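A.B. asks: need a 3D model of the sequence below.
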Amino acid sequence: MDSASTEFLTALLQIIWIDIVLSDDNALVIAMASRSLPKRQRRWAIVLGASAAVLLRIIYTLLFLQALALPFIKIAGGAILMMIAIRLASEEEREEEAPAPTSIWSSIRIIVIADAVMSLDNVIAVAGAAQGSMALIIFGLVLSIPLVVLGSTFLIALLERFPALVWIGAGVLGWVAGELIGSDPALAGFLRKNAVVVETWQFAAVAAAMVLFFSGLRVRRKASA
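C.D. replies: So this is what the prediction gives:
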């Protein structure tokens, strides 16, 4: 096997591993957003949501990859993801008290918005491992479809059996949001300029705590209304 083939195979294996590692968060948000749908609609929400999300990743890669290095992009994305996590967690409590039908298109919209934010790390990692090969980039992004679909199907079964796991899921989404915010170049530059040392995991922990706090606050307000 020549060096070019070895490099290609190595990049391919790296991309497969990246997809396995980074698809869990995306599967989680799909499971949380579609858990209230009837089973038939739920399957369509998972497939359409995952497919639309991967299409967004391809658009990211082709058009906006360079924009991810711009200041405040990740901060905005993290803030959006935190709001989505709060909404998903607080809606679970409402459904336990008074079940209400959820639109499949509403679920897909939540999935696409959240995945558009959470796919930043996937796009960056896959593009880096592909070393400029567009074929490998697209392969890596398309491969994430079955991984996300299978993962979200498994997580939905867990959420149905153990509804309290929704709160853990919301905390995980908050953690991811905090990691996005903490890795924003504008924020990192500000902290370095002012000689402030804050680790990314600390942003993640604060964001997760904020999501759980505001989710609980929203639930209490609904209960007292």
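
A.B. asks: which residues of the protein score low on pLDDT?
C.D. replies: 1-4, 18-22, 61-69, 91-102, 119-132, 225 (pLDDT under 70).

A.B. asks: check which residues of the longest helix along it are buried.
C.D. replies: For the chain, the helix with the greatest residue count under DSSP state H is helix 3-34. Neighbour-count burial for helix 3-34, counted by 16 or more other C-beta atoms under 10 Å, picks out 8, 11-12, 14-15, 18-19, 22-23, 25-34. (Each C-beta comes from the backbone N, C-alpha and C, glycine too.)

A.B. asks: cool, stretch 198-215 as well?
C.D. replies: Applying 16+ other C-beta under 10 Å to stretch 198-215 flags Phe203, Ala204, Val206, Ala207, Ala208, Met210, Val211, Leu212, Phe214, Ser215 as buried.

A.B. asks: turn those into a markdown table, including secondary structure and distance to Ala170.
C.D. replies: Shown next, in a markdown table, are these (DSSP: H, G, I helix; E, B strand; the rest coil; distance: C-beta to C-beta, whole Å):
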| residue | secondary structure | distance to Ala170 |
| --- | --- | --- |
| Phe203 | helix | 17 |
| Ala204 | helix | 14 |
| Val206 | helix | 15 |
| Ala207 | helix | 11 |
| Ala208 | helix | 8 |
| Met210 | helix | 11 |
| Val211 | helix | 5 |
| Leu212 | helix | 6 |
| Phe214 | helix | 10 |
| Ser215 | helix | 6 |
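
A.B. asks: can you put the residues you listed in CSV and add distance to Val148?
C.D. replies: Shown next, in CSV, are these (distance: C-beta to C-beta, whole Å):
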residue, distance to Val148
Phe203, 25
Ala204, 22
Val206, 27
Ala207, 23
Ala208, 22
Met210, 26
Val211, 21
Leu212, 24
Phe214, 27
Ser215, 24
